[in-house]
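Novice: the sequence isn't on hand, but the structure is:
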């Protein structure tokens, strides 16, 4: 690096004492970044994951009149509860992000995880009939367990047991997973009763049509090397949706929100409600619920950190993530805080890949995301301004870029090809990062044994495989329902 470049990186690409202090604290020079890059990365990740501000409360809110399970508060309407949960979603995310920024110094975004919130509301509260306070108690318990395991290095040890083919496959699997999420939000891929998924009516659906246009504009900008191309693409697509609505080309609410809800900032009915969940609870059923939250969150987070870490060049020559216990602590603290405040498990978002792809390398990216979440807290009614079809363009762009990770896998070695292939396939097809990792971890020792390389398998790898077999049995055998 030339002296001028080194000087520019050390002062964060700007001037002033404040900028220099940030550059020094977060180590811009050591990681080859600057303040402008980190801010763009933070904005990009926030725009990609901001949908959770709207989606998480919508999933967690119970609506008795529609037989929709979830959190129900006596004396409050579902709309008011949803607004409370919007505030809780933002506050709990900010707590986790601050830990990520100042303790871990990594560019990852955190918030209540999709899938885990659905399990919380639809399965635990709905199918199992567990009070929502008890579900929050399970989330709190899971968070405390995570803090303890992270503090003693147990989570780091387990993650380092991941065999190389699984580590290298995680990034590609996440890419396909992101592509499915993004294309569904863009209504390019739709449900089909015969084939599960199919191509949507792109030419006749204004959402799909505008989303595809926005996607190709974003890809063109990225290919041209335009800085902040993903943010530009998202904002441009949103503006076009607004203009089309104002011009009367589409009905209000199709391409741009028709109305914005008012905000309910009083969250005291939710804070501490988890304590009541520890009373009159069946110990075995409660343990199974915690076990399920634990497994899915553990390996979702691990998979995201390793996969996005690979894309960002954070892994060492052995495929390990140095000091991974620090970002793991961020989601552990966030989950514990979320249980106390009143939301489901906090996890590291795969959408972090969008910011990493824009050059985010330090905790400054996470700090920017936290600041934008706080801005959303001030203007909660406007949180839904960026429609999902626009924000999810970022996921498809990053998905295409993450597919290149597949070249690191030894496809000529069948003992590597089997677990890597299953990891990649199972992630998008089951809509779960954790399940993809599980498939790889279970198949690895089997494949290695089959080719006569039994001695290469560690005891810990056998134990992880066995633990996942137990998990899948519990998760799919109906044992949870039978315990209630």
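Specialist: In hand now; what should we look at? Keep in mind that this is a model prediction, so the values were computed, not measured. Numbers count the residues shown, from 1 in each chain.
Novice: what's the residue nearest the centre of the chain in contact with, if anything?
Specialist: By Cα atoms, centre = their mean, the chain has its centre lying nearest to residue 349, at 2.0 Å. Taking Cβ atoms under 8 Å, 6 or more residues apart in numbering, we find residue 349 in contact with 45, 49, 52, 108-111, 113, 304. Every residue, glycine included, has its C-beta placed from N, CA and C.
Novice: of these, buried ones?
Specialist: 45, 49, 52, 108-111, 113, 304 (16 or more other Cβ atoms under 10 Å).
Novice: just those now: which is nearest residue 390?
Specialist: The closest of the buried ones among the contacts of residue 349 to residue 390 turns out to be residue 49 (Cβ to Cβ; 13.3 Å).
Novice: which non-adjacent residue is nearest the closest one?
Specialist: For residue 49, ignoring the flanking residues on the chain, the nearest one in space by Cβ to Cβ, 6 or more residues apart in numbering is residue 351 at 4.1 Å.
Novice: that neighbour: how many residues sit nearby?
Specialist: 30 (other Cβ atoms under 10 Å).
Novice: from residue 78, how far out is it?
Specialist: Distance from residue 351 to residue 78, counting by Cβ to Cβ, to the nearest Å: 27 Å.
Novice: cool, and residue 404?
Specialist: Relative to residue 78, and taking Cβ to Cβ, residue 404 is found at 44 Å.
Novice: please say which of these two ends up with more neighbours.
Specialist: With neighbours defined as other Cβ under 10 Å, residue 404 and residue 78 compare such that residue 78 has more, 19 against 12.
Novice: who touches that one in this structure?
Specialist: Counting by Cβ under 8 Å, 6+ apart, the residues that residue 78 touches are 61-64, 72.
Novice: show me which of these are buried.
Specialist: 61-63, 72.
Novice: measure how buried residue 461 is and give me the count.
Specialist: 18.
Novice: mind pulling up the pLDDT for it?
Specialist: For residue 461, the pLDDT comes out at 94.
Novice: ok, now the one 3 residues further on?
Specialist: If you check residue 464, the pLDDT there is 91.
Novice: ditto for residue 9
Specialist: Residue 9 is assigned 44 on the pLDDT scale.
Novice: tell me the SS of residue 191?
Specialist: Following DSSP: H, G, I helix; E, B strand; the rest coil, the label given to residue 191 is strand.
Novice: how close does it get to residue 425?
Specialist: For residue 191, the distance to residue 425 - Cβ to Cβ - is 20 Å.
Novice: correct me, but residue 320 touches residue 160?
Specialist: Yes - contact criterion Cβ atoms under 8 Å: residue 320 and residue 160 qualify, at 5.7 Å.
Novice: what ranges does the stretch 301-450 of the chain have for its helices?
Specialist: 325-341, 352-357, 363-378, 388-391, 393-402, 414-430, 433-450 (DSSP state H, counting those that start in this stretch).
Novice: mind giving me the packing neighbours of the fourth one?
Specialist: The contact analysis (3 or more Cβ pairs under 8 Å, 6 or more residues apart in numbering; DSSP states H and E) places helix 388-391 against helix 164-185, helix 206-223, helix 229-246.
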